[in-house]
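Chemist: whatever this is, show me its structure:
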Amino acid sequence: MSEQRKKYYYLTPLLLCVFIFASNFLDTKLFSFGDLNFAVWFVLSIFAFACGWLINTTLGWKFGGRVVFAAIVATTAISVILISVFKEYFGSSQFVAENLILYSLRDVTLGCMGFFGMTLKELLILQKENSTQKFRLEAFEQLVIDAKKEADLELREAKLKADKIILDAEAQAKNMLEKKEKLERNLQDLVQVERELIKKYEENQ
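Modeler: Next comes the predicted model:
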């Protein structure tokens, strides 16, 4: 299944090569569109842009860029060979070098439209990923804030409980100290009563 998908993906760069190669036949002795040359060139540019967009979607930015670059180089080389062999159909034979440069620039320019389509698609992907990451970062920051608030609340509750335990312990200690003092007073009173009883007994004797 993956091999079939890969073969299917390579049809788009092949189509881009066809569009680049087709631009060589604008305003030649074989095909002359006259006043519609610019319109045809504009349509080919749109198609090349769409191919670049699809290549970035299917093959990715890095690998797709290599494929598009290879397609431009291969198509330009084939165009140069074709124009050199059939120079009488592609303009005056007296200016072969100039024609080769012009046709090569035309092919490269149209190939750059494919790169432009890839670039725009990649920018949209990066913008979407950036928006997603920004949303996740905001959600994480909110989660951290909520966790901090919850931790502060738990810390306050723990502090209140600790203060209550300390107060209860102090109250119990104070209560025990009061009981001890009361017991000591009772013992002193008891001792005093015993001494008085003993003194009275001795006097009676």
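Chemist: list the buried ones in the helix or strand hosting C17?
Modeler: Following DSSP states H and E, the helix or strand that holds C17 is helix 11-22. By 16 or more other CB atoms under 10 Å, the buried positions in helix 11-22 come out as 12-13, 15-17, 19-21. (Each C-beta comes from the backbone N, C-alpha and C, glycine too.)
Chemist: in JSON lines, list the residues you listed along with pLDDT and distance to K200.
Modeler: Output for those, formatted as JSON lines (pLDDT from 0 to 100; distance: CB to CB, whole Å):
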{"residue": "T12", "pLDDT": "85", "distance to K200": "126"}
{"residue": "P13", "pLDDT": "85", "distance to K200": "128"}
{"residue": "L15", "pLDDT": "87", "distance to K200": "131"}
{"residue": "L16", "pLDDT": "85", "distance to K200": "130"}
{"residue": "C17", "pLDDT": "87", "distance to K200": "134"}
{"residue": "F19", "pLDDT": "84", "distance to K200": "134"}
{"residue": "I20", "pLDDT": "85", "distance to K200": "135"}
{"residue": "F21", "pLDDT": "83", "distance to K200": "140"}
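Chemist: S79: which of these is nearest?
Modeler: F21 (6.4 Å; CB to CB).
Chemist: give me the element the closest residue to that closest one other than its chain neighbours is part of.
Modeler: Counting by CB to CB, 6 or more residues apart in numbering, F21 lies nearest to T75, which is 5.4 Å off, once chain neighbours are set aside. Secondary-structure assignment from DSSP H and E places T75 in helix 61-85.
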